[in-house]
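Novice: Provided below for reference: sequence and predicted model.
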Amino acid sequence: MWRKISKAIGDELTKETKKPSVVILCIGNEERGDDAFGPHVAKNIKRLKKKGLVEIIDCGTVPENYTDVIRRIKPTHVIIVDAVDFKGSPGDIILSFEPTISEVSISTHKPSLTLLTKFIQSTIGSKIILLGVQPKSIEWGLSMSDEVVAASNVVIKALKSVIRRVRRTVIEQSQAVSP
């Protein structure tokens, strides 16, 4: 499954530009069970960030506090990694390239992801990709459920593969341009 996710994201990132730049915006609260999904993913991929190409931001529950950072980076794409209620089974993964955030319910983050995505799209021009997991529980004091831990391993593997692919593509492009 991680290969399918990786290929889909990689194809989207390189569809319109040969040099994508990506912000991976990981959202969540480590104190609230499966809401720790975003920060957990961030911790496991942070060493792969590459200035000017891939930035990884663990924004906790306040993604709106990072809009200035995203604006300075001016990425072609923002991948939002979060636990979202899309009425799936616990641990199900949702991948959307034109997310209508209204189809998912986010109760732990204010303001809503709908406002955040609209703001990023309209002021920065970045395309939004939603990579989410269906939580089992977001109660205070719980650990992540086995289902969401398993899903996070799939997402981590997929994002690592995507980042490596994008880095290779950019390197190949720069070598092709060099005399």
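Specialist: Thanks, I have the structure now.

Novice: Show me the helices in this structure, by range?
Specialist: 2-15, 37-45, 67-73, 113-123, 146-177 (DSSP state H).

Novice: most neighbours per residue, which of those helices?
Specialist: Mean neighbour count, computed with mean count of other CB atoms under 10 Å, is highest for helix 37-45 among the helices of the chain, reaching a mean of 23. Bear in mind the C-beta positions are built from the backbone N, C-alpha and C, glycine included.

Novice: ok, back up a step: out of the helices of the chain, which comes closest to residue 93?
Specialist: When those are compared by CB to CB, helix 146-177 sits nearest residue 93, at 5.4 Å.

Novice: picking up where we left off before, can you redo the helices of the chain as TSV with distance to residue 24 and mean pLDDT?
Specialist: Converted to TSV, the helices of the chain look like this (distance: least, CB to CB, whole Å; pLDDT from 0 to 100):
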stretch	distance to residue 24	mean pLDDT
helix 2-15	10	94
helix 37-45	7	97
helix 67-73	11	95
helix 113-123	13	87
helix 146-177	7	87
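
Novice: Any chance of these in a markdown table with distance to residue 139 as columns?
Specialist: A markdown table is the format used below for the helices of the chain (distance: least, CB to CB, whole Å):
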| stretch | distance to residue 139 |
| --- | --- |
| helix 2-15 | 28 |
| helix 37-45 | 14 |
| helix 67-73 | 29 |
| helix 113-123 | 21 |
| helix 146-177 | 13 |
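
Novice: which one of those lies closest to residue 90?
Specialist: Nearest to residue 90, of the helices of the chain and by CB to CB, is helix 146-177 at 4.1 Å.

Novice: related to what we said a few turns ago, ok, which of the helices of the chain comes nearest residue 21?
Specialist: Nearest of the helices of the chain (CB to CB): helix 67-73, 6.8 Å.

Novice: Can you name every helix or strand that that closest one contacts?
Specialist: In terms of contacts (3 or more CB pairs under 8 Å, 6 or more residues apart in numbering; DSSP states H and E), helix 67-73 is packed against strand 22-27, strand 54-60, helix 113-123.

Novice: centre of the chain versus the first one, how much separation?
Specialist: Read that as strand 22-27. 5 Å (CA atoms, centre = their mean, to the nearest Å).

Novice: as a whole number, average confidence for that strand?
Specialist: Mean pLDDT, strand 22-27: 96.

Novice: Direction included, what does it pair up with?
Specialist: Paired strands of strand 22-27, with direction, are strand 54-60 (parallel), strand 77-83 (parallel) (DSSP bridges).

Novice: My guess is residue 28 contacts residue 37. True?
Specialist: Yes. With contacts counted by CB atoms under 8 Å, residue 28 reaches residue 37, the gap being 5.6 Å.
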